[in-house]
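Novice: build me a model:
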Amino acid sequence: MKILQALFFPPEQPGGVSSMVPFIQEDFKQNGWEMDLFYLPKRIRNKGVEPYPFQTLNMSLFEGHPIVDKYKQTMMDYIWWTEMRMKQDYDVIHAHHPIAALVMKYLFPHTPVVVTIHSSYENELFLNHVITKESKAYQFLTSIYHELEETVDQIIVVSHAFKRFLSPHFTRLDEIKVLYNGFDQKRFRPSNRRNEVVQLVTLCRLVPAKGLDVLIEACSELKKRGHPFMLHIIGDGPIRQKLEEEAQRLDMFEETIFYGYMLHPEQFMPFFDVFVLPSRAESFGNVFAEAALCNLTIVGTEIGGVPEQIEDGVNGLLVPVNDVQGLTTALEKVVTDEAYRQQLADKAWKKSSEHYSLDRVIKELETLYRMVK
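Specialist: Predicted coordinates:
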């Protein structure tokens, strides 16, 4: 079989889906399958003029909002680029973004199209204070789910919690498959670290949805309790300056290192002790599985797909969203007790190795591709 993996972001993007799919491609090719990657280059903007013909929604009701208009233009760009570059047929197209899925099915109606919905764009925009739930943009983006349901051949989501979250937007929920992401264990490997002071690390885009304001405040409380540690923040984003100012205000600046954008953070992850991310939303939370494969202790929030990875007190710690005191107490447990910290890390590594391996994903995808073909 010949498969096309249709991305939105280029595969050189760090982390997330775009960096994961090339490893899927490599394993499939080793198993004798043909597989290509396709994506919209960053330089392709405002080139397309052919509109996507929505089947289930009236586009005129939403036009005029800048996010909607940008989304519409991006779909036209994807159509333009696909028509210009796609010169061969495939047995199955697996899209990893709604735009890629809808455009591919529109241009190749007789080819089975599978789409994995990896995140909720409208919820991210809402949590990052970009749009409200009453806005045209929110209504348009949630309408996209029904368009997918009526258009593509198979929908996949990345956790059971995310499937429940999306359930109001689908009419045939039982047809949606849950397929956890998988990770190449050659990229995420433990190291024999020996840190005299506990090293905390977080890795994400610096936006309000990731809850880093809660993390800095919790670390400030941890410092007041007299526990030594360092906090490493890897990533960049629109609230970086605000977070740096907050660290300064809370007397956390000396204990906090802001790295900014890093191309291959997985190379540094094994040298830390604890991964912590108090997100306000996560469809799955790839970075928790990646940190677990590096044998770090993981601390997260009771949100989205994170509790499907972390069993509180068994292979990590969970705290409620926006709970500064709860996060402080959780961090205190793992900072002050090395044996407990390592026990959690070892069990997290075991679960991630068994449940989130790339080999498991390859087998499940092989079965799925044969089924839709």
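
Novice: which residue ranges of this structure form strands?
Specialist: 2-6, 34-38, 92-95, 113-117, 154-157, 177-178, 198-203, 229-234, 256-260, 274-277, 297-301, 317-319 (DSSP state E).

Novice: mind putting the ones you listed in JSON lines, mean pLDDT included?
Specialist: Output for these, formatted as JSON lines (pLDDT from 0 to 100):
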{"stretch": "strand 2-6", "mean pLDDT": "97"}
{"stretch": "strand 34-38", "mean pLDDT": "96"}
{"stretch": "strand 92-95", "mean pLDDT": "98"}
{"stretch": "strand 113-117", "mean pLDDT": "98"}
{"stretch": "strand 154-157", "mean pLDDT": "98"}
{"stretch": "strand 177-178", "mean pLDDT": "97"}
{"stretch": "strand 198-203", "mean pLDDT": "98"}
{"stretch": "strand 229-234", "mean pLDDT": "98"}
{"stretch": "strand 256-260", "mean pLDDT": "97"}
{"stretch": "strand 274-277", "mean pLDDT": "98"}
{"stretch": "strand 297-301", "mean pLDDT": "98"}
{"stretch": "strand 317-319", "mean pLDDT": "98"}
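
Novice: which of those is buried the deepest?
Specialist: strand 297-301 (a mean of 28; mean count of other Cβ atoms under 10 Å). For glycine as for every other residue, the C-beta is placed from the backbone atoms N, C-alpha and C.

Novice: ok, and the closest non-adjacent residue to residue 322?
Specialist: Counting by Cβ to Cβ, 6 or more residues apart in numbering, residue 322 lies nearest to residue 214, which is 6.0 Å off, once chain neighbours are set aside.

Novice: hmm, the one you found is touching residue 324, no?
Specialist: Yes - between residue 214 and residue 324 a contact is recorded at 5.7 Å, counting by Cβ atoms under 8 Å.

Novice: what about those two, which has more around it?
Specialist: More neighbours surround residue 214 than the other of residue 214 and residue 324, with 21 against 18 (other Cβ atoms under 10 Å).

Novice: who touches the more buried one in this structure?
Specialist: 278, 322, 323, 324, 327 (Cβ atoms under 8 Å, 6 or more residues apart in numbering).

Novice: now with 10 Å?
Specialist: Residue 214 makes contacts with 278, 279, 280, 301, 319, 321, 322, 323, 324, 326, 327, 328, as judged by Cβ atoms under 10 Å, 6 or more residues apart in numbering.

Novice: just the buried ones from those?
Specialist: 278, 279, 280, 301, 319, 321, 323, 324, 326, 327, 328 (16 or more other Cβ atoms under 10 Å).

Novice: quick check: the gap between the last one and residue 232.
Specialist: This points to residue 328. Distance, residue 328 to residue 232, using Cβ to Cβ, to the nearest Å: 18 Å.

Novice: same check on the fourth one?
Specialist: Counting by Cβ to Cβ, the gap from residue 301 to residue 232 is 19 Å.

Novice: for the fifth one, same thing?
Specialist: Summarising the geometry, the distance separating residue 319 from residue 232, computed by Cβ to Cβ, is 20 Å.

Novice: so for residue 214 and residue 324, which residues contact both of them?
Specialist: Joint contacts of residue 214 and residue 324 (Cβ under 10 Å, 6+ apart) are residue 278.

Novice: may I see the buried residues of stretch 53-71?
Specialist: 54, 62, 65, 67, 68, 71.

Novice: circling back: which of the contacts of residue 214 fall in helices?
Specialist: 324, 326, 327, 328 (DSSP state H).

Novice: could you dump these to a markdown table with pLDDT and distance to residue 58?
Specialist: Shown next, in a markdown table, are the ones in helices among the contacts of residue 214 (pLDDT from 0 to 100; distance: Cβ to Cβ, whole Å):
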| residue | pLDDT | distance to residue 58 |
| --- | --- | --- |
| 324 | 98 | 45 |
| 326 | 98 | 45 |
| 327 | 98 | 45 |
| 328 | 98 | 49 |
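
Novice: please name the bridge partners of residue 116.
Specialist: residue 156 (DSSP bridges).

Novice: which positions within the longest helix along the chain qualify as buried?
Specialist: Criterion DSSP H: the longest helix present in the chain is helix 66-85. When neighbours are counted by 16+ other Cβ under 10 Å, the buried residues of helix 66-85 are found to be 67-68, 71-82.

Novice: again with stretch 139-147
Specialist: 139, 140, 141, 142, 143, 144, 145, 147.

Novice: hey, where'd the helices end up in the stretch 101-250 of the chain?
Specialist: 121-127, 136-151, 160-166, 212-224, 240-249 (DSSP state H, counting those that start in this stretch).

Novice: quick check: which ranges of this protein have low pLDDT?
Specialist: Scanning the chain with the threshold set as pLDDT under 70 gives 12-16, 18-19.

Novice: so how far is residue 249 from residue 124?
Specialist: 27 Å.

Novice: do residue 293 as well
Specialist: Relative to residue 249, and taking Cβ to Cβ, residue 293 is found at 35 Å.

Novice: out of those two, which sits in the busier spot?
Specialist: Set residue 293 next to residue 249 and count neighbours by other Cβ under 10 Å: residue 293 wins out with 25 against 12.

Novice: how about that one: what's its closest non-neighbour residue?
Specialist: residue 188 (3.7 Å).

Novice: residues touching that neighbour, list them.
Specialist: Contacts for residue 188 (Cβ under 10 Å, 6+ apart) come out as 266-267, 269-270, 289-296, 349, 352-353, 356.

Novice: make JSON lines out of the buried residues of stretch 53-71 and add distance to residue 27.
Specialist: Formatted as JSON lines, these follow (distance: Cβ to Cβ, whole Å):
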{"residue": "54", "distance to residue 27": "36"}
{"residue": "62", "distance to residue 27": "40"}
{"residue": "65", "distance to residue 27": "41"}
{"residue": "67", "distance to residue 27": "36"}
{"residue": "68", "distance to residue 27": "38"}
{"residue": "71", "distance to residue 27": "33"}
